[in-house]
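K.L.:
Just need the structure, nothing else, for what follows:
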Amino acid sequence: MQSGDISAENYALALLSRAQQRSHLNAFISLDPDRVLGAARAADKLRAAGKPLGRLHGLPIPVKDSVLTADYPTTAGTKALGALAPRRDAPLILRLKDQGAIVMGKTNLHELSTGFTSNNEIFGPVRNPWDPTRIPGGSSGGTAVAVASGIAPLGVAEDSAGSIRVPAALCGVIGFRPGMGRYPVEDVVPLVPLFDQLGPQARRMQDIVLFDDVVTGRSAPLKPASMQGVRLGVPRTWFYEGVESSASIIMENTLVALGETGAVLVEADIPDVKSLLEQTFMPILFHDTWSVLDGWLKSIGITGGLEAILEEAGAGIRAAYTTVLSPLGPDAIPREVYDNALNVARPALIAAVRKYFADHRLDAMVVPATLCAAPLIGEDTETVIDGRTVSIFDALGHNTTLAPSCGLPALTIPAGLAPGTGLPLAIEIDALPGDDGKLLSLGLGISEYVFEPPIAPG
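P.N.:
Numbering: from 1, shown residues only. You can find the predicted model right below:
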């Protein structure tokens, strides 16, 4: 588009046409074609006038509907919020727009970003483009579906427990959760500030890097890492346990492929990781979510706070918030458990991960992104893996909580299609805090050797 080989308007028309063709996937909560086309025409006028053009000139980008935008209301997937949330662009959105991006509507999600299925009771379930009877993952399911089905090459998602990475894995695209502090996270409907991060989903690793370039302001090109001698940890205890047999086949084949690139696979475990994770992630998530979201809602003028929003929420979300997440609910986290998570278990977990990397001289660690491929729509709480009944959280979030617990950058990359079902499976690669650039460079290198799925059939 910068060269004029294709106009921004014609490109936007093509994407909008595909969005209409794939509307049954329910990827969007709000999409205004006239607004998108108007912005595209304005982009074409800038090019025609010889004005400087940004790196995302004329590119329509779908945005998860938990991120504030000036052009569209923000619902966070719940009924009561859309008319009440501020109409302004979050700082990350401003950085994308400053480089010429166009907000291509707001994407559907698990209500209040609280879940891994994107089975939204208010706006309807988001459907996986590889099999519309199955979930896309959550909570950023709509963005992943838009990217996977070719509605857009790149989208904005958000991740607290795995909400960028799980949908990316189940839909066959790439998802990047940056390390803590790399991207601005203001003006996002929050869950847990310690865990919440914005990030991209894309079909190509180069577009993930482009997104990172724009948001961080990096000008020097990031080159693919040479895989020769790269040391990748393979922590089989905990992270490889319970993986579905078909997913295990794909994972082992991927490890073989990585070894053939010249990478060194280091079979070593993180001591006490299961216990430390269990003491860290859930207590912080369950303790903080109600107070953080309630406080944010009141800060934007919703005097009734979270209780007022929940009156019009779906039954499943309402039940979750009033039992597990409510400080007055029957399953509320005791203060001493929370204090241990924050002040004892989490520092010990971070230290254990750092020691693991140092002791084995690792550049990154590689794990299955999920324990299985996409479950069926309607399997909201449990699914079956090789004859075992497993909670949806364990099936999809088993390996995604380490990164938010420790502030690690994490990348999910497609690894193959499951035998029999043909559904996407993925690997997750985690690096140490501050090593986002190294991780992205590794992603560029790895993506040259692993499975690259086509646009999902839809």
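K.L.:
Can you give me the domain boundaries for the chain?
P.N.:
8-216, 231-273+350-409+419-447, 275-335 (automatic domain parsing).
K.L.:
Just send those domains back as CSV, with mean neighbour count and distance to residue 2 too.
P.N.:
C-beta: built from backbone N, CA, C; applies to glycine. Formatted as CSV, those follow (neighbours: other CB atoms under 10 Å; distance: least, CB to CB, whole Å):
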stretch, mean neighbour count, distance to residue 2
domain 8-216, 23, 5
domain 231-273+350-409+419-447, 19, 22
domain 275-335, 17, 38
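K.L.:
Which residue ranges of the stretch 101-250 of the chain form helices?
P.N.:
Secondary structure of the stretch 101-250 of the chain, counting by DSSP state H, counting those that start in this stretch: helices at 141-148, 165-171, 205-216, 236-239, 245-260.
K.L.:
and the third one with helix 141-148, angle?
P.N.:
It refers to helix 205-216. Computed by axes from the mean of the first three to the mean of the last three CA atoms, to 10 degrees, the angle separating helix 205-216 from helix 141-148 equals 130 degrees.
K.L.:
what's helix 205-216 in contact with?
P.N.:
Here helix 205-216 makes contact (CB atoms under 8 Å, 6 or more residues apart in numbering) with 54-56, 92, 95-96, 99, 101, 153-154, 174, 176, 178, 182-184, 200, 202, 218-219, 222, 411, 413, 436, 440, 443-444, 447.
K.L.:
coming back round to it: go through the helices of the stretch 101-250 of the chain and name the closest to residue 275.
P.N.:
helix 236-239 (9.7 Å; CB to CB).
K.L.:
Tell me how far the closest one lies from the chain's centre.
P.N.:
Offset of helix 236-239 from its chain centre (CA atoms, centre = their mean, to the nearest Å): 22 Å.
K.L.:
which residues make contact with it from outside it?
P.N.:
Contacting residues not belonging to helix 236-239 are listed as 267, 269-270, 273-274, 277, 367-368, 398-399 [CB under 8 Å, 6+ apart].
K.L.:
how does it look with 10 Å?
P.N.:
Helix 236-239 is contacted by residues 233, 243, 267-275, 277, 365-368, 371, 398-399, 402, 428, 430 when judged by CB atoms under 10 Å, 6 or more residues apart in numbering.
K.L.:
Ok, stretch 311-331 next?
P.N.:
So stretch 311-331 is contacted by 77-81, 110-112, 114-115, 117, 119-123, 191, 282, 285-291, 293-294, 304, 306-307, 309-310, 332-333, 335, 380-381 (CB under 10 Å, 6+ apart).
K.L.:
returning to that earlier point: so for residue 343, which of the domains of the chain sits nearest?
P.N.:
Taking CB to CB, domain 275-335 is the member of those nearest to residue 343, at 10.7 Å.
K.L.:
Could I get the average pLDDT for that closest one?
P.N.:
For domain 275-335, the mean pLDDT works out to 96.
K.L.:
show me the contacts for the residue nearest to residue 28 when sequence neighbours are not counted.
P.N.:
In space, and not counting its chain neighbours, residue 28 is closest to residue 105: 4.8 Å by CB to CB, 6 or more residues apart in numbering. Applying CB under 10 Å, 6+ apart, one finds that residue 105 lies in contact with 16, 19, 27-33, 35-36, 60-63, 65, 69, 71-72, 142, 146, 151-152.
K.L.:
can you check residue 286 too?
P.N.:
Residues near residue 286 by CB under 10 Å, 6+ apart: 192, 324-327, 329, 331-333, 337-338, 341.
K.L.:
Then residue 116?
P.N.:
Contacts of residue 116 (CB under 10 Å, 6+ apart): 110, 135, 137-139, 141, 161-163, 166-167, 170, 370, 375, 380, 391-397, 400.
K.L.:
what does residue 356 give?
P.N.:
233, 235, 266, 268-271, 273, 362, 365, 432.
K.L.:
per-residue confidence at it?
P.N.:
Note on residue 356: pLDDT of 99.
K.L.:
Got phi/psi on it?
P.N.:
Per-residue torsions, residue 356: phi -60, psi -50 (degrees, to the nearest 10).
K.L.:
so how far is residue 222 from it?
P.N.:
According to CB to CB, to the nearest Å, residue 356 stands 26 Å off from residue 222.
K.L.:
residue at max distance from the center of this protein?
P.N.:
The centre of the chain is farthest from one residue, residue 49, which by CA atoms, centre = their mean lies 37.5 Å away.
K.L.:
How about the backbone phi and psi for that one?
P.N.:
Phi and psi for residue 49, reported as degrees, to the nearest 10, are phi -80, psi 0.
K.L.:
okay, stretch 414-422 in CSV with CA atoms only?
P.N.:
Extracted in CSV, the C-alpha atoms of stretch 414-422 (Å, rounded to 0.1, in the frame of the first residue of the first chain):
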residue,chain,number,x,y,z
PRO,A,414,1.7,-23.4,15.2
ALA,A,415,3.3,-26.9,15.2
GLY,A,416,0.9,-29.0,13.1
LEU,A,417,-2.6,-30.4,12.7
ALA,A,418,-3.9,-33.1,15.0
PRO,A,419,-4.2,-36.6,13.3
GLY,A,420,-7.8,-37.4,12.7
THR,A,421,-9.4,-34.0,13.5
GLY,A,422,-7.1,-31.8,11.5
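K.L.:
so which helix or strand takes in residue 89?
P.N.:
Counting by DSSP states H and E, no helix or strand carries residue 89.
K.L.:
Spatially nearest residue to it (excluding sequence neighbours)?
P.N.:
residue 70 (4.8 Å).
K.L.:
quick revisit: among the contacts of residue 356, name the ones in helices.
P.N.:
residue 273 (DSSP state H).
K.L.:
picking that back up, would CSV of the helices of the stretch 101-250 of the chain with distance to residue 420 and mean pLDDT be doable?
P.N.:
Shown next, in CSV, are these (distance: least, CB to CB, whole Å; pLDDT from 0 to 100):
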stretch, distance to residue 420, mean pLDDT
helix 141-148, 20, 99
helix 165-171, 16, 99
helix 205-216, 28, 98
helix 236-239, 24, 98
helix 245-260, 6, 96
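K.L.:
a markdown table for those helices, including distance to residue 418?
P.N.:
Formatted as a markdown table, the helices of the stretch 101-250 of the chain follow (distance: least, CB to CB, whole Å):
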| stretch | distance to residue 418 |
| --- | --- |
| helix 141-148 | 15 |
| helix 165-171 | 11 |
| helix 205-216 | 22 |
| helix 236-239 | 19 |
| helix 245-260 | 4 |
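K.L.:
And these: which comes nearest residue 407?
P.N.:
helix 165-171 (14.9 Å).
K.L.:
Might you calculate how far the closest one sits from the centre of the chain?
P.N.:
Mean-position distance between helix 165-171 and its chain equals 7 Å (CA atoms, centre = their mean).
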